[in-house]
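I'll drop the sequence and a predicted model, then ask my questions.
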Amino acid sequence: MHLQAWLQTYPNEDAGIDEFWIKEHLGSVATAEGIAQWRGFFADVTRQPDQFFGRVVRSGAEIVGFLCGRRAEVVSLGPMYLLNEVQGQGLGGRLMREFLSWAGERAMHLWVTTYNERAVRFYQHFGFEPTGEEELWRGKLPNIRMARDTARQAGSCPSGRPCGGQRGGVCPSHREPWAGSR
């Protein structure tokens, strides 16, 4: 599923990213060794749920998405993928809300591919903002760092619930007027 999500998400002629490049650089996730690494990660989730976050989305017996994270001084979000056929059904939002609840009040960061505008908007909806930090993964895939500083956002939503932060004076998660300013 991981490789399938990359093949759906990242081909980009301008960046020189095609199916061949993706399979060359990510094809190992579909091998026995790559599958064993994923199983190891999810075993860590079971053994150390305070340090590792992992959720899998299934449609019948098929895995159609997942979200992973690690807790340290700063919480790292990622990877997160949903196959195209299940996007737009609210699954990503449910995964993200569960992740944010798990992460608590710690600052969070992630990497997202620059031209994956849908993902950038999704993360912004949940209070992540670009930091200005950039990288080229494997010398080619352009990524930006996004961060969510919960200290600036905590307690500001009039609902008293965790939210994505201010957007145009309104909490985007609860559609209520924003009580404070950043």
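Structure's in. What do you need? The structure displayed is predicted, hence computed values, not measured ones.

where's the spatially most central residue of the chain, which helix or strand?
By Cα atoms, centre = their mean, the chain has its centre lying nearest to residue 80, at 4.2 Å. If you go by DSSP states H and E, residue 80 is part of strand 75-82.

Quick check: mean pLDDT of that strand?
Averaging pLDDT along strand 75-82 gives 96.

which helices and strands sit right next to the lengthiest helix in the chain?
In the chain, assigned by DSSP state H, the helix with the most residues is helix 32-47. Helices and strands touching helix 32-47, by 3 or more Cβ pairs under 8 Å, 6 or more residues apart in numbering; DSSP states H and E, are strand 52-59. To be clear about C-beta, it is placed using only N, CA and C from the backbone, and glycine gets the same treatment.

one more time with 10 Å
If you count contacts as 3 or more Cβ pairs under 10 Å, 6 or more residues apart in numbering; DSSP states H and E, helix 32-47 packs onto helix 2-9, strand 52-59, strand 62-70.

contacting residues around it?
Contact with helix 32-47 is made by 1-3, 26-29, 31, 51-56, 66, 68-70, as judged by Cβ atoms under 10 Å, 6 or more residues apart in numbering.

Now it: average pLDDT?
91.

Next, count neighbours for residue 46.
The tally of other residues near residue 46 (other Cβ atoms under 10 Å) stands at 9.

quick one: it from residue 104, how far?
According to Cβ to Cβ, to the nearest Å, residue 46 stands 20 Å off from residue 104.

wait, isn't residue 30 in contact with residue 22?
No: applying Cβ atoms under 10 Å as the test, residue 30 and residue 22 come out as separate, 11.1 Å apart.

what helix or strand is residue 101 on?
Going by DSSP H and E, residue 101 is in helix 91-103.

hang on, the earlier thing: for residue 17, which of the helices and strands packed on helix 32-47 is the nearest?
Each of the helices and strands packed on helix 32-47 has some distance to residue 17 by Cβ to Cβ; the shortest is helix 2-9, at 9.4 Å.

other SSEs contacting that closest one?
Looks like helix 2-9 contacts helix 19-26, helix 32-47, strand 62-70, strand 75-82 (3+ Cβ pairs under 10 Å, 6+ apart).
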